[in-house]
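A.B. asks: Here is a sequence with its predicted model. Questions after.
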Amino acid sequence: MTSLWSKISCALPTDEEQFPLQFSDKVEPSVVEILKRCRKQLYGNAAGASLNLNAQIVLDVSWERLNTGTWRHVDKEWRRVYSYGCLFKVAALCRENPSQEEVLQAVRTCDMGLLMGAAIMDDILQALVHILQNEIGRTSKEEEKSVEVVAKKLKTESPRSPSIREDKAVPRIKCPSLESFSTNYLLPLKPVILEGIIDHWPALNNHPWSIEYLRSVAGFRTVPVEVGSRYTDEDWSQTLLTVNQFIDSFILNEVSQDGGKSRGYLAQHQLFDQIPELKEDIRIPDYCCLGEGDEDDITINAWFGPAGTVSPLHQDPQQNFLAQVVGSKYIRLYSPDDTDKLYPHQSQLLHNTSQVEVENPDAELFPEFSKAPYLECVLEPGDVLFIPVKHWHYVRSLALARPIIASNLSWRGSTKQDKGIIKAYKSSAAQLMRSHINNLHVELSDKENLQKEDLHTFKEIRNKNFRLLCSLLFKATTQK
Amino acid sequence: MRWFGFGFNAFQQIQASKNSENSGLDADKTRLSSPTELRGHVNKDGGYFELTQIRASWSRRAFLHLDEPACVCLEGSVNDSCREVLKRSCGCKDVFISESQITLAFPDRIECWDLQRNDDTPSWSMDTQSEGSAVSLPLVPGGYIASKSPFFHSLSPHMQAKSLALGGDHVILLTAAGAVYTWGQGSHGQLGHGALLSEEEPRTVEALWGMKMSSVSAGGWHSVCISDAGDLYVWGWNESGQLGLPSQNLRKISERKAHQQGELSQNSSTYQEEVFISIQAFPALLDVTPLCEVKAVGCGSRHTAAVTTSGDLYTWGWGGYGQLGHQSFSSLDEPQRVEFFRVQQLRVVGVECGPWNTFAAVTKEEGLAPEHPTKPLNKHGE
């Protein structure tokens, strides 16, 4: 039986000379020097420790560049450097009889490269993660224990499935021709549910998507998860979990120990690029070809989460098809013509999101909202909802014993990387708001005359006052 | 004065390895977690240079002895074009370095040289003979020098800029009147204006209005300033604890380590009660130590180092390369004193940070009561 390392070696170039390290001059020679040291140590006999450290240097320096400026402007070269760092790190981890923990860490490293890096050497990280996954599957059936599962009962409450009013229902049509779809819905920008167009998907047939299936295909893969009921909440945050951890913590178990609900949502993630095995279970509908861009402009996102997860009312700058695979969702749509009644946030980061809680609107704060016309539906497995560009949409996963998996194929990509920033913004504001408000900031004028104990007290008071000043300033600068 | 350095040393910019081979650098020497004395700071009479300017970039350390007309010296990743530039640096009064270029301030001119290309002429230069005023790089008469083209950025003379620090993607400026201005990227709160928006033009940090600041510093994504009264204000990203405020990342990492080492796994919800700060969008007052004030501060990419009036050095933030100097590679979200200097009875008088390392200037302690007595008492207690 060939060892893990020999399998990995086969995927790598045979020797140093065959190993490319070409970068534009955006990457400084000093960084390339470290990469060359990694390469030398990979093919030499140096102990694992040096390669591990040098790989970490590459990861750390490229990570810093990836976080400089806006994501959109990050030079692709630095993403390539990051991927090389992942490659060398995986080699360092797997070279000498790696433990199960080290193999899992290597899988996680590959995933970080796939999530944040750019493809190198014929997408070698994809090849490596494939080898590593087979290794895990072979050696052990042990469940990961890193995240403790508190309560193991499945949620079985009956669904609060809203009844849809006839006059407000999104129209449904079964397998329309490309032409009729284009004429009646795409061009006039009218929402519609297409039935029967994904019946052939393996995900709904011979490879039905279930929790067990997802675990077997992607259990140890690391994915970005949003934690918190909705992204406008104070405690909303993003984290990285393996699919197993995500399923254990948020799908099978929704009640944390203190009784509060903690929701996790694998939302808007290009899962199918990261895990190609899943991509083979879906097909891009022909209708996507009717868009103005070409196939490269189509982005496929996955949404996987438990019942109750909500996407607040928002709009996207591209056309969307939302394909429902498992479970169901309640969706409400508003036309962009009625934006003035939907009270979008003023701030630049959230201007595509409404302030209104759609199913529990504050009539005093948002009086016009109830006058805004809308369409609604419950999307079932096999349905595909066409959301025209800039149409406001609100989505709530319905309470069922099964998780909700939907695929959202859109073209002319949008970015919600800003979401992480929104979270931080809200958390910072909350901290300021929590400070006590007593009196105003005082100048430290005759400090010299104070005794040591007094000075300490004075500093404490001054700290508090300073925080107060900040919170007053904050209130003045933000708009409601 | 003597200088000590600790942290990232993959290019031997702090201390050269005894191993003369270039390729296999000892893993031990790639990162130095304990303060190590810098060589080359002894003059021909065998004494220490009194006044040395040190600046560090990711892979290099530049230093300049100001006592006598001397050239700039470079340690670390030194190539041919570096050597050429150094030859022309005699008589220089101030130096500033980034990963791709070096800026030299002479009495009559300022020059920027590209460290990656072997050019005969500087990539930018300015004649300052007529100005006469002291230069504090990266501030130059009429503006400041950035690390990439276009190098020169003008500043309004009304600002009366006194000192300026360049962060990863932002700029912080201190005026003669003690006011602080920031501009550049704001997505991680590093501008301190309360929102996470970027600013193209200098904007005053309102929260500090009315308090006179005496120095400013900038890290990769955070900003720091010291008030006249010796208080330290911090704002920006706290992902590694570089603000000295509770960091959720650090808590998670220590929990994960504890779990791996077989200690009782904790319920992941226990840390939800504490207030963690990942981005501080407004200046926050940080108590480095209740005992005394802060005299000087330096920022690395994700760590911060402060010198107190009592001669101690405190560090906090990212420690993965030993840049905190506590003989470990852990990160900290609370200021901690670097005990090395106390034990050696050295008084820290200045600090300068590279992105992943720290340099401290020390003098011999005069009259400080030692923690460990140097002479044993005789039997009469004398």
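C.D. replies: Looks like it came in fine. Residues are numbered from 1 along each chain as shown, chains lettered A, B, ... in the order given.
A.B. asks: hey, let's count contacts and neighbours off CA atoms from now on
C.D. replies: OK.
A.B. asks: where along chain A do the helices fall?
C.D. replies: For chain A, the helices defined by DSSP state H cover A:4-11, A:29-43, A:48-66, A:76-94, A:100-116, A:124-139, A:178-181, A:211-218, A:243-246, A:271-274, A:276-279, A:418-434, A:452-477.
A.B. asks: pLDDT below threshold where in the stretch 251-400 of chain A?
C.D. replies: For the stretch 251-400 of chain A, the stretches flagged by pLDDT under 70 are A:254-262, A:291-297, A:348-349, A:399-400.
A.B. asks: Looks to me like residue B:342 is in a helix.
C.D. replies: Yes. Residue B:342: assigned to a helix according to DSSP: H, G, I helix; E, B strand; the rest coil.
A.B. asks: Now for it, how many residues are close by?
C.D. replies: Using other Cα atoms under 10 Å in any protein chain shown, residue B:342 is surrounded by 19 other residues.
A.B. asks: where among the helices of chain A is the average confidence lowest?
C.D. replies: For those, mean pLDDT drops lowest on helix A:418-434, to a mean of 36.
A.B. asks: quick one on the thing from earlier: would you tell me which of the helices of chain A gets closest to residue B:141?
C.D. replies: Of all the helices of chain A, helix A:48-66 sits nearest to residue B:141, with 30.4 Å by Cα to Cα.
A.B. asks: Does chain B have contacts with the closest one?
C.D. replies: Yes. On the criterion Cα under 8 Å from any Cα of the partner chain, helix A:48-66 is in touch with chain B at A:49-50, A:53.
A.B. asks: Using CSV, please lay out those residues together with neighbour count.
C.D. replies: Putting the residues of helix A:48-66 next to chain B into CSV (neighbours: other Cα atoms under 10 Å in any protein chain shown) gives the following:
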residue, neighbour count
A:49, 15
A:50, 21
A:53, 20
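A.B. asks: Could you dump the residues you listed into a markdown table and include distance to residue A:277?
C.D. replies: Compiled in a markdown table, these are given as follows (distance: Cα to Cα, whole Å):
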| residue | distance to residue A:277 |
| --- | --- |
| A:49 | 34 |
| A:50 | 35 |
| A:53 | 33 |
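A.B. asks: I figured residue A:56 hits residue A:91, correct?
C.D. replies: No. In this structure, residue A:56 is not within contact of residue A:91 by Cα atoms under 8 Å, at 11.8 Å.
A.B. asks: residues near residue B:17, how many?
C.D. replies: Applying other Cα under 10 Å, we find 18 residues neighbouring residue B:17.
A.B. asks: and it, that's in a helix?
C.D. replies: No. Residue B:17 is assigned coil when assessed by three-state DSSP, not a helix.
A.B. asks: ok now do the residue lying closest to residue A:226 once chain neighbours are set aside, which residues does it touch?
C.D. replies: Closest residue to residue A:226 apart from its sequence neighbours, by Cα to Cα, 6 or more residues apart in numbering or on different chains: residue A:238 at 4.5 Å. Contacts for residue A:238 (Cα atoms under 8 Å, 6 or more residues apart in numbering or on different chains) come out as A:224-227, A:420.
A.B. asks: what about residue A:238, distance to chain B?
C.D. replies: 12 Å (Cα to the nearest Cα, to the nearest Å).
A.B. asks: Now do the longest helix belonging to chain B against helix A:100-116, angle only.
C.D. replies: Longest helix in chain B, counting residues (DSSP H): helix B:248-260. Following axes from the mean of the first three to the mean of the last three Cα atoms, to 10 degrees, one obtains 150 degrees for the angle between helix B:248-260 and helix A:100-116.
A.B. asks: Helix B:248-260 - what's its average pLDDT?
C.D. replies: For helix B:248-260, mean pLDDT is 76.
A.B. asks: what comes up buried for that helix?
C.D. replies: B:248-250, B:255-256 (16 or more other Cα atoms under 10 Å in any protein chain shown).
A.B. asks: pLDDT below threshold where in the stretch 151-300 of chain B?
C.D. replies: For the stretch 151-300 of chain B, counting by pLDDT under 70, the residues that fall below are B:260-274.
A.B. asks: let's see it at 50
C.D. replies: B:264-272 (pLDDT under 50).
A.B. asks: Point out the residues in it that sit beside chain A.
C.D. replies: Proximity of the stretch 151-300 of chain B to chain A, by Cα under 8 Å from any Cα, involves residues B:168-169, B:185, B:187-188, B:194-196, B:207, B:210-211, B:256, B:259, B:265-269, B:275, B:277-282, B:284-285, B:290.
A.B. asks: sorry, back to before: would you mind telling me which of residue A:56 and residue A:91 has the busier surroundings?
C.D. replies: Higher neighbour count among residue A:56 and residue A:91: residue A:91, with 23 against 18, using other Cα under 10 Å.
A.B. asks: Residue A:25: neighbour count?
C.D. replies: Residue A:25 has 10 neighbours, counted by other Cα under 10 Å.
A.B. asks: Please report how far it lies from residue A:397.
C.D. replies: According to Cα to Cα, to the nearest Å, residue A:25 and residue A:397 sit 48 Å apart.
A.B. asks: ok, residue A:357 - how many residues close by?
C.D. replies: 12.
A.B. asks: Check whether it really touches residue A:314, as I assumed.
C.D. replies: No. Residue A:357 lies out of contact with residue A:314 (Cα under 8 Å); the separation is 11.1 Å.
A.B. asks: ok, back up a step: of the residues of the stretch 151-300 of chain B next to chain A, which belong to helices?
C.D. replies: Among those, the members found in helices (DSSP H) are B:256, B:259.
A.B. asks: So what touches stretch A:118-132?
C.D. replies: With Cα under 8 Å, 6+ apart as the test, stretch A:118-132 has contacts from A:4, A:7-8, A:11-12, A:20, A:76, A:79-80, A:82-84, A:87, A:103, A:106-107, A:110-111, A:113-114, A:274.
A.B. asks: Now, of those, which are buried?
C.D. replies: Buried among the contacts of stretch A:118-132 (16+ other Cα under 10 Å): A:4, A:8, A:12, A:76, A:79-80, A:82-84, A:87, A:103, A:106-107, A:110-111, A:113-114, A:274.
A.B. asks: before we move on, back to that, between the residues of helix A:48-66 next to chain B, which is nearest chain B?
C.D. replies: residue A:50 (5.3 Å; Cα to the nearest Cα).
A.B. asks: For residue B:10, see how far away the closest one is.
C.D. replies: From residue A:50 to residue B:10 the distance is 11 Å (Cα to Cα).
A.B. asks: how about residue A:386, what does it touch?
C.D. replies: Listed by Cα under 8 Å, 6+ apart, the contact partners of residue A:386 are A:191-194, A:319-322.
A.B. asks: Can I get stretch B:65-80 as PDB, trimmed to CA atoms?
C.D. replies: Coordinates of the C-alpha atoms in stretch B:65-80 are reproduced here as PDB (Å, rounded to 0.1, in the frame of the first residue of the first chain):
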ATOM      1  CA  HIS B  65      24.900  56.700  13.200                       C
ATOM      2  CA  LEU B  66      24.200  60.300  13.600                       C
ATOM      3  CA  ASP B  67      27.200  61.100  15.800                       C
ATOM      4  CA  GLU B  68      29.600  61.400  12.900                       C
ATOM      5  CA  PRO B  69      29.300  61.700   9.100                       C
ATOM      6  CA  ALA B  70      28.700  58.100   8.100                       C
ATOM      7  CA  CYS B  71      26.900  56.000   5.600                       C
ATOM      8  CA  VAL B  72      23.700  54.200   6.000                       C
ATOM      9  CA  CYS B  73      24.200  50.500   6.700                       C
ATOM     10  CA  LEU B  74      21.800  47.700   5.800                       C
ATOM     11  CA  GLU B  75      21.400  44.300   7.200                       C
ATOM     12  CA  GLY B  76      19.200  41.600   5.900                       C
ATOM     13  CA  SER B  77      18.300  41.000   2.300                       C
ATOM     14  CA  VAL B  78      21.100  43.000   0.700                       C
ATOM     15  CA  ASN B  79      21.600  42.800  -3.100                       C
ATOM     16  CA  ASP B  80      23.800  44.600  -5.600                       C
END
